[in-house]
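Trainee: Structure here, sequence nowhere to be found:
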């Protein structure tokens, strides 16, 4: 009975590991983008760009993100020199400038995250609201309410790998237990026959 339970558990963990690995592959780009924004971007430059955009709202509304400057879009491959260079580095989906502040949006479809440079401190912030202050005046938000994992300290084993290891252990035990029982019976029989 235990062998069947272990075999079934191994099969379930293997299937779960494959589904989780698929999800990890689908989210890799999203995760890398968030980590780049949280850990590998000069946040003071982003805040300075946001303040520049607020002072120049007409130019802010005409800014074309890098991804839209293709042969089908505007002919240039970089923003005019008067735009802060960090905007091309960030390559946002779009930018929103309002009386409340500046929001630089990323993602789309199943995930959204952004920088937010409000004119005054947000009323709601912190993990419960999915908003964290990066430098005074610049906030980071995402819709799942968790700050991106630091790639330098993140765990080395993915969840899917842990499932695969668990499945391997369960299947190994399912194979080892009957073998051990069989060997124990043979040893007992040999002891009885030797008497």
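Mentor: Received the coordinates, thanks. Everything quoted here is computed from the prediction, not taken from an experiment.

Trainee: Find the residue closest to residue 169 in space, skipping its chain neighbours.
Mentor: Nearest non-adjacent residue to residue 169, counting by C-beta to C-beta, 6 or more residues apart in numbering: residue 10, 7.9 Å away. To be clear about C-beta, it is placed using only N, CA and C from the backbone, and glycine gets the same treatment.

Trainee: How about residue 17?
Mentor: Sequence neighbours aside, residue 163 is the residue nearest to residue 17 in space, at 3.2 Å (criterion: C-beta to C-beta, 6+ apart).

Trainee: secondary structure class for the residue nearest to residue 169?
Mentor: With DSSP: H, G, I helix; E, B strand; the rest coil as the basis, residue 10 sits in helix.

Trainee: what do you get for residue 15?
Mentor: When the structure is split into helix, strand and coil by three-state DSSP, residue 15 lands in helix.

Trainee: same thing with residue 52?
Mentor: For residue 52, the secondary-structure state derived from three-state DSSP is helix.

Trainee: if I pick the closest residue to it other than its chain neighbours, what's in contact with it?
Mentor: Of all residues beyond its chain neighbours, the one nearest residue 52 is residue 84 (5.4 Å), with distances taken as C-beta to C-beta, 6+ apart. With contacts defined as C-beta atoms under 8 Å, 6 or more residues apart in numbering, residue 84 is in contact with 45, 48-49, 52-53.

Trainee: Point to the residue nearest the middle of the protein.
Mentor: residue 31 (2.6 Å; C-alpha atoms, centre = their mean).

Trainee: Spatially nearest residue to residue 161 (excluding sequence neighbours)?
Mentor: residue 17 (7.6 Å).

Trainee: Show the pLDDT at the one you found.
Mentor: We note a pLDDT of 78 for residue 17 in this prediction.
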